[in-house]
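Asks: I would like the atomic coordinates for the input below:
(4 chains)
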Number of protein chains: 2
Amino acid sequence: MPTGNKDFRYFILGLLSQQPMSGYDAKQYLESLGWLVGNPSFGAIYPALHGLLEDGLVTLQVVFYENKPPRKIYSITPAGEHALDEWIHQPLLVGASTRAFVMRLLLATHLSHEGLVTHLRRRRQQVVEQQAALRQTIGETDPTNDNGQRLAFDYGMTIASTELAWLEDLIATLEAQAWPVSQEFIGKGT
Amino acid sequence: MPTGNKDFRYFILGLLSQQPMSGYDAKQYLESLGWLVGNPSFGAIYPALHGLLEDGLVTLQVVFYENKPPRKIYSITPAGEHALDEWIHQPLLVGASTRAFVMRLLLATHLSHEGLVTHLRRRRQQVVEQQAALRQTIGETDPTNDNGQRLAFDYGMTIASTELAWLEDLIATLEAQAWPVSQEFIGKGT
DNA sequence: AAGCGCATGTAAAAGGTTACATGATTAC
DNA sequence: GTAATCATGTAACCTTTTACATGCGCTT
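Replies: Numbering: from 1, shown residues only, chains lettered A, B, ... in the order given. Below you'll find the model as predicted:
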């Protein structure tokens, strides 16, 4: 399969594109996000950085301190910018995790207006499909059924509805921002 | 430490405790849940069943058909019931995934009233902490900051708030039921 | 006769966590 | 002197996906 692989690596690359930092920095930053994107261990972060370095997507600069251990600051290269751009514009795989969605959302600055809207629309479709699947299963299941299943369905539907509303709202806002161009056009026509 | 060990295996065991089924059945059932608990592959399901069988937590019965391939129906054993009971009452690890929470929620029938409330309370605490972490990071970050970050924070806060409200609501309902404990119809015994 | 749905299974590879090792400095 | 923070890194392990193999019966 073409995409989906090494999402985490590209996400780290995205962080570096916003600001050069060390592996330690990256860990702290991710922790500050709560569990939005999980809390990967050093065993995941350092190898990711080494890989990016090997591929020439980042460069390394060692900074020495008098009273602290030296730090390895990674910075993105032009090749890295290009790779990041390619990755972030790839559509999420069907059934991609919420985490995959949030990772790209966090790097929204690297998306064009159109790219962001597209990303949100795709997520919206997935959430709609998730809701449909739940509704169908709930319909098929006889109502005398398991309590845990009912709770989980309700949970899923509640979260999905909220996310959907959030997405719709944001999409509408972003589309309105694109609107003035057309309005100008319409204005001239009228 | 994102998840408890072998959560998935125990989750499958939980499915079997609700109804004997084959690996193929399990896959279909999980798919019908949308992405509530993910869509594990056969490469995850079959080995899990083999492991359960080896540990004596399930038994196997092969059912033959005339026009279809034979199916291997797994049923939970008393030892399996016991192991399931132990597992499901263990508190989720700090930072456990939403998926881990939902898996236990789906098996809520196997939790006592107290056990379910405890489970929900622990999840509530985690969501509260997640929100606190986000608020703090948002506060520390200067407002001229990155657009993607703002979007992701807003997303995280919105989802978290909804989940929190859902949890509070359910906990309140269950606590209200706690006194009129009522007749628990355990099993189908007459 | 080709292809699909059923149904099981396994091996290789990918990706992550856990747990450790190192070593300097600051705080109690 | 002992713990904690800073900072990097590796190796063993665990789990899961990917991708394949098998084989039957039904449909086109």
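
Asks: stretch A:45-64 and DNA strand C, are they touching?
Replies: Yes: using Cβ under 7 Å from any atom of the strand, stretch A:45-64 reaches DNA strand C at A:Ala48. Just so you know, the C-beta spots here come from the backbone N, C-alpha and C atoms, and that holds for glycine as well.

Asks: what lies in contact with that stretch?
Replies: A:6, A:8-9, A:12-13, A:16, A:20, A:23, A:26-27, A:70-77, A:79-80, A:83-84 (Cβ atoms under 8 Å, 6 or more residues apart in numbering or on different chains).

Asks: these also near DNA strand D: which ones?
Replies: Filtering these for proximity to DNA strand D by Cβ under 7 Å from any atom of the strand leaves A:Gly23, A:Pro70, A:Arg71, A:Lys72.

Asks: surely the third one touches A:Ala26?
Replies: Going back to what we said before, that points to A:Arg71. No: contact criterion Cβ atoms under 8 Å: A:Arg71 and A:Ala26 do not qualify, at 11.6 Å.

Asks: those two: which has the busier surroundings?
Replies: A:Ala26 (21 against 15; other Cβ atoms under 10 Å in any protein chain shown).

Asks: so which helix or strand takes in that one?
Replies: helix A:23-32 (DSSP states H and E).

Asks: about what we covered before: among the ones next to DNA strand D among the contacts of stretch A:45-64, which lie within helices?
Replies: A:Gly23 (DSSP state H).

Asks: out of the ones next to DNA strand D among the contacts of stretch A:45-64, which is nearest to B:Trp166?
Replies: Nearest to B:Trp166, judged by Cβ to Cβ, of those is A:Gly23 at 36.9 Å.

Asks: give me the number of residues near the closest one?
Replies: Neighbours of A:Gly23 (other Cβ under 10 Å): 20.

Asks: can I get stretch A:141-158 as PDB, trimmed to CA atoms?
Replies: The C-alpha atoms that make up stretch A:141-158 are tabulated as PDB, following Å, rounded to 0.1, in the frame of the first residue of the first chain:
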ATOM      1  CA  THR A 141     -29.400  -6.300  17.000                       C
ATOM      2  CA  ASP A 142     -32.500  -7.200  18.900                       C
ATOM      3  CA  PRO A 143     -33.300  -4.700  21.700                       C
ATOM      4  CA  THR A 144     -33.200  -7.300  24.500                       C
ATOM      5  CA  ASN A 145     -29.500  -7.300  23.900                       C
ATOM      6  CA  ASP A 146     -26.500  -6.800  25.900                       C
ATOM      7  CA  ASN A 147     -26.100  -3.800  28.100                       C
ATOM      8  CA  GLY A 148     -22.500  -3.200  27.400                       C
ATOM      9  CA  GLN A 149     -23.200  -3.100  23.700                       C
ATOM     10  CA  ARG A 150     -25.800  -0.500  24.200                       C
ATOM     11  CA  LEU A 151     -23.500   1.700  26.300                       C
ATOM     12  CA  ALA A 152     -20.700   1.400  23.700                       C
ATOM     13  CA  PHE A 153     -23.000   2.200  20.900                       C
ATOM     14  CA  ASP A 154     -24.300   5.300  22.700                       C
ATOM     15  CA  TYR A 155     -20.800   6.300  23.500                       C
ATOM     16  CA  GLY A 156     -19.700   5.900  19.900                       C
ATOM     17  CA  MET A 157     -22.700   7.800  18.500                       C
ATOM     18  CA  THR A 158     -22.300  10.700  21.000                       C
END
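
Asks: in that stretch, what counts as buried?
Replies: Buried positions in stretch A:141-158, judged by neighbour count with 16 or more other Cβ atoms under 10 Å in any protein chain shown: A:Gly148, A:Gln149, A:Arg150, A:Leu151, A:Ala152, A:Phe153, A:Tyr155, A:Gly156, A:Met157.

Asks: could you check the angle helix B:147-178 makes with the worst-scoring helix or strand of chain A on mean pLDDT?
Replies: Ranked by mean pLDDT, DSSP states H and E, the helix or strand of chain A with the weakest confidence is helix A:147-189, at a mean of 86. Using axes from the mean of the first three to the mean of the last three Cα atoms, to 10 degrees, the inter-axis angle of helix A:147-189 relative to helix B:147-178 is 140 degrees.

Asks: check whether helix A:147-189 contacts chain B.
Replies: Yes: for helix A:147-189, a contact with chain B is found by Cβ under 8 Å from any Cβ of the partner chain, at A:147-149, A:151-152, A:154-156, A:158-159, A:162-163, A:166, A:170.

Asks: output the contacting helices and strands for that helix.
Replies: helix A:113-140, helix B:98-106, helix B:147-178 (3 or more Cβ pairs under 8 Å, 6 or more residues apart in numbering or on different chains; DSSP states H and E).

Asks: only the buried subset of the contacts of stretch A:45-64, as a PyMOL command please.
Replies: In PyMOL, this line selects whichever of the contacts of stretch A:45-64 come out buried by 16+ other Cβ under 10 Å:
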select buried, chain A and resi 8+9+12+13+16+20+23+26+27+73+74+76+77+80+83+84
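
Asks: what is the burial count for the residue lying closest to A:Gln177 once chain neighbours are set aside?
Replies: Using Cβ to Cβ, 6 or more residues apart in numbering or on different chains and skipping residues adjacent in sequence, the residue nearest A:Gln177 is A:His113, 7.3 Å away. When neighbours are counted by other Cβ under 10 Å, A:His113 registers 11.
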